[in-house]
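Asks: Sequence plus predicted model, see below.
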Amino acid sequence: MSLLVKAMPTGEAIVKVTPQTAHWKHVGFEARRLAAGQRTEITLPSDREGCLVVLTGSVDVSVGEHAWENLGGRMSVFEDRSPHAIYAPPSSVFKILATTDAEFAIASAPASGRLDVRLLAPESMKRSVRGTGSNTRYVCDILPETEPAESLLVVEVLTPAGHSSSYPPHKHDTDALPEESVLEETYYHRIDPPQGFAFQRVYTDTRDIDESMAVGNHDVVMVPRGYHPVVMPHGYRGYYLNVMAGPRREWHFRNDPAHEWMIAR
């Protein structure tokens with residue numbers, strides 16, 4: 001099975017990954033697009049929490065008795081600003097009205113329903129710079145370990161043209177806390193300009209998984225286990241929205257020993 005999920009070029013549904021289609025247990029992901037004035041609803045399963053991320057455009061959103069107007073506002077995911085997001089417990093129904101052309105994502109993962117609906121405001125999200133030189137990238141923590149959730153971890157990353165990201169190659173597929181945790185992961189890619197592409201490789205120590213992909217705008221790469229670096233070609237910037245979840249809500253990773261030398265360089 002290929003780890004690359006290609007995007008649909010037209011229609012509301014852009015791309016969708018479920019535990020059933022991915023043949024794993026934890027992460028669910030979908031991205032949708034709406035024209036201005038369009039409405040849609042998304043119902044979370046009775047055993048899965050969700051995080052809606054407004055990627056571009058503006059939307060009105062209600063979840064039960066909670067309602068928010070004009071969330072979002074970015075015209076591009078490459079703008080230097082954080083998104084609006086909403087956390088919701090199992091069985092919640094997102095009712096969404098696009099007030100401009102809009103794109104949004106829904107991440108989901110197992111949960112029992114211990115937490116309430118809440119807005120994740122852009123000003124609450126930590127922004128940071130990771131790496132140096134041509135390994136520099138820009139990170140926004142949307143739903144990190146420091147924010148309440150039962151399983152979900154959500155982050156977005158901007159990678160400049162010609163730079164590497166998720167690099168040196170690292171993995172999180174072994175229950176060896178505190179050194180490493182088990183987390184499934186999806187990468188939702190956006191490319192600027194949109195006709196470009198990124199390269200992503202997913203591989204394990206034993207090479208029972210070893211897949212290298214040319215990833216287009218709006219495509220998803222699934223990472224069930226193994227290392228998963230990303231490289232942007234000259235001339236094209238990359239964005240990806242990461243969703244992670246596993247048996248424990250902790251992100252600890254191990255770098256590929258063959259490439260860890262560059263950290264101390």
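Replies: Perfect, thanks for sending it.

Asks: Assess the claim that Asp210 and Thr204 are in contact.
Replies: Yes: look at Asp210 against Thr204 with Cβ atoms under 8 Å: they come within range, at 7.2 Å. Backbone N, C-alpha and C define where each C-beta goes, glycine included.

Asks: The stretch 151-265 of the chain: strands as residue ranges?
Replies: Ranges of strands in the stretch 151-265 of the chain, per DSSP state E, counting those that start in this stretch, are 153-159, 164-165, 170-171, 173-176, 180-182, 184-192, 198-203, 210-215, 220-223, 230-231, 237-245, 254-255.

Asks: To Ala31, which of those lies closest?
Replies: Ala31 lies closest to strand 184-192 among those, at 6.0 Å (Cβ to Cβ).

Asks: could I have that closest one exported to CSV, CA atoms only?
Replies: C-alpha atoms of strand 184-192 as CSV (Å, rounded to 0.1, in the frame of the first residue of the first chain):
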residue,chain,number,x,y,z
GLU,A,184,1.2,7.6,14.1
GLU,A,185,1.4,10.7,11.9
THR,A,186,0.0,12.4,8.9
TYR,A,187,1.6,15.2,6.8
TYR,A,188,-0.8,17.4,4.9
HIS,A,189,1.3,19.3,2.3
ARG,A,190,0.8,22.6,0.7
ILE,A,191,3.3,23.9,-1.9
ASP,A,192,4.0,27.5,-3.0
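
Asks: relative to strand 198-203, how tilted is it?
Replies: 160 degrees (axes from the mean of the first three to the mean of the last three Cα atoms, to 10 degrees).

Asks: Strand 184-192 - contacts with which helices or strands?
Replies: Here strand 184-192 touches strand 28-34, strand 198-203, strand 210-215, strand 220-223, strand 237-245, going by 3 or more Cβ pairs under 8 Å, 6 or more residues apart in numbering; DSSP states H and E.

Asks: Now do Glu145 against Arg249, distance only.
Replies: 6 Å (Cβ to Cβ, to the nearest Å).

Asks: Reduced to three states, what does His134 come out as?
Replies: Not quite, residue 134 is Ser, not His. Under DSSP: H, G, I helix; E, B strand; the rest coil, Ser134 falls in the helix class.

Asks: what bits of the stretch 151-265 of the chain have low per-residue confidence?
Replies: Filtered on pLDDT under 70, the stretch 151-265 of the chain yields the residue ranges 265.
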